[in-house]
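Engineer: Return a 3D structure for these sequence lines:
(4 chains)
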There are 2 protein chains.
Amino acid sequence: MDATRLLPLAGEPPAERSDAARNREALLRAASELIDHCSVESVTMDAVAQRAGVGKGTVFRRFESREGLMAALLDHSETTWQASVISGPPPLGPGAPPLERLLAFGHSRMETTLTHAALIRAAGHAGTRAYAVAAFAAMHVRYLLGQLDVHGDLGYLATALLAPLEIPVLEQQLGQERRSLDEVRAGWDDLVRRVVA
Amino acid sequence: MDATRLLPLAGEPPAERSDAARNREALLRAASELIDHCSVESVTMDAVAQRAGVGKGTVFRRFESREGLMAALLDHSETTWQASVISGPPPLGPGAPPLERLLAFGHSRMETTLTHAALIRAAGHAGTRAYAVAAFAAMHVRYLLGQLDVHGDLGYLATALLAPLEIPVLEQQLGQERRSLDEVRAGWDDLVRRVVA
DNA sequence: AATAGAAACGGACTGCAGTCCGTTTGGACC
DNA sequence: GGTCCAAACGGACTGCAGTCCGTTTCTATT
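Structural biologist: Sure, this is the predicted structure:
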């Protein structure tokens, strides 16, 4: 979890000063450690700043807000997932027939979401719909629907299939509604088949 | 917006002391006025307490949290909507064929949600899935799916149809994705027809 | 190596949610 | 009307997110 920056696509704007880069690293590591040692709730901006040995203002300049910091942590930890969708082994990765890929995608997304549940909640608005992985997921589903020769507003259908995989919905189903993960998975599979039919 | 309590179902627990009831009224009115005169953001617990002429602690004892207060305001203002689904004129109310009712329900829900968008956001977790209206909506959709002779896990399908009508999704579509309300409506209608088919 | 100015830094400060606890009050029972 | 106590009250207090601005540090340029 570190080293070689994965997608340094940003080459145009001012470029980042070396101390700024060092501090960002330190802050992300500090936040990550706080989560490991305690919990997401214990990640206060003051605590992160202190642990990283920088001032509080610095944390806000780097990440805008607590939600922004959480989103940054999420992006980092979900990059591996994204990679396995793009180029991992089938059925999640390329190679399997589109319907199988789509179902595998849903299951995998569900698990990843639940794994990072606390972080996603803490990222609030940024965590639910704004960070990069969400856009990627929509694009991928849209693509698979195209492969399946589905007609209609694929963008909308992709959103509609993704919506029930979001944290508030999943937690409601697994919590209050007392459903098992298997039931939820089966429900989603059924939904997909109806949409694709 | 006041008087005759709508559903005083609660008759078992301790019952409420008269000063407590009076204060709840005053607090809801104060919050409501603050929203009208300024905005949802201006509804701070201190401001509400001061305007209602009570101490801050009282606000929290009544509503638990700021989100709880927002949810209370929501429940109150969405009660009329709920009534029009149960016993209003068709196609939203009873009388129209089930598919028409279902589509009308979605459109109506979409509009109501957008109308109360700021409040729903402010109610956070409580606003998205916990307050009474959400449970009612799920039940109603489930019922209509039954009428339409849909087979399968109707509870799941209801959730799946409701999920894309939630605020974060709608705002993403109308905002970033630059879709019109009509497109979104059409997308949802298509989704419903596929599920029902 | 010296210089300048843009960018980054740090930490005191503000505003708000939520808690705590000593005080007051409604109303049930005598 | 008087007594009692559970429930309600109020506001000082705590902790955290987010802002502001005077100070320090990079780095491009000469």
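
Engineer: what mean pLDDT does stretch A:121-133 have?
Structural biologist: Averaged over stretch A:121-133, pLDDT sits at 79.

Engineer: what do you get for stretch A:84-92?
Structural biologist: For stretch A:84-92, the per-residue pLDDT values average out at 96.

Engineer: List the buried residues in that stretch.
Structural biologist: Applying a neighbour-count criterion of 16 or more other Cβ atoms under 10 Å in any protein chain shown, the buried positions in stretch A:84-92 are A:V85, A:G88, A:P91, A:L92. The C-beta positions use only the backbone N, C-alpha and C, and glycine is treated the same way.

Engineer: Is the first one in a helix, a strand, or coil?
Structural biologist: Three-state assignment for A:V85 (DSSP: H, G, I helix; E, B strand; the rest coil): helix.

Engineer: which residues does the nearest residue to A:R29 once chain neighbours are set aside contact?
Structural biologist: In space, not counting the residues next to it along the chain, A:R29 is nearest to A:A52; the distance is 7.4 Å by Cβ to Cβ, 6 or more residues apart in numbering or on different chains. A:A52 makes contacts with A:N23, A:A26, A:L27, A:R29, A:A30, A:V59, as judged by Cβ atoms under 8 Å, 6 or more residues apart in numbering or on different chains.

Engineer: if we go to 7 Å?
Structural biologist: Residues in contact with A:A52 (Cβ atoms under 7 Å, 6 or more residues apart in numbering or on different chains) are A:N23, A:A26, A:L27, A:A30.

Engineer: closest to DNA strand D among the residues you listed?
Structural biologist: Of all the contacts of A:A52, A:N23 has the smallest distance to DNA strand D: 10.2 Å, by Cβ to the nearest atom of the strand.

Engineer: Could you double-check that that closest one sits in contact with A:T58?
Structural biologist: Yes - shown here, A:N23 and A:T58 form a contact pair, counting by Cβ atoms under 7 Å, at 5.8 Å.

Engineer: Lowest mean pLDDT among the helices and strands of chain A, which one is it?
Structural biologist: Across the helices and strands of chain A, the lowest-confidence element by mean pLDDT, DSSP states H and E is helix A:124-125, at a mean of 86.

Engineer: re the thing from before, identify those among the contacts of A:A52 that sit within helices.
Structural biologist: Using DSSP state H, the members of those that fall in helices are A:N23, A:A26, A:L27, A:A30.

Engineer: filter the residues you listed down to the ones near chain B?
Structural biologist: Applying Cβ under 7 Å from any Cβ of the partner chain to the ones in helices among the contacts of A:A52, one finds that nothing falls near chain B.

Engineer: Inside helices: which ones of the buried residues of stretch A:84-92?
Structural biologist: When these are checked against helices using DSSP H, the ones located there are A:V85.

Engineer: Turn the buried residues of stretch A:84-92 into CSV, columns for distance to DNA strand D.
Structural biologist: What follows is those, written out as CSV (distance: Cβ to the nearest atom of the strand, whole Å):
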residue, distance to DNA strand D
A:V85, 31
A:G88, 35
A:P91, 40
A:L92, 35
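
Engineer: which residues in chain A form strands?
Structural biologist: All residues of chain A lie outside strands when identified by DSSP state E.

Engineer: which bits of it sit near DNA strand C?
Structural biologist: Applying the criterion Cβ under 7 Å from any atom of the strand, the portion of chain A that neighbours DNA strand C consists of A:14, A:16-17, A:19-20, A:22-23, A:53-58, A:60-62.

Engineer: Out of the residues you listed, the closest to chain B would be?
Structural biologist: Taking Cβ to the nearest Cβ as the measure, chain B lies nearest A:F60 of those, at 19.9 Å.

Engineer: Right, I'll leave it there.
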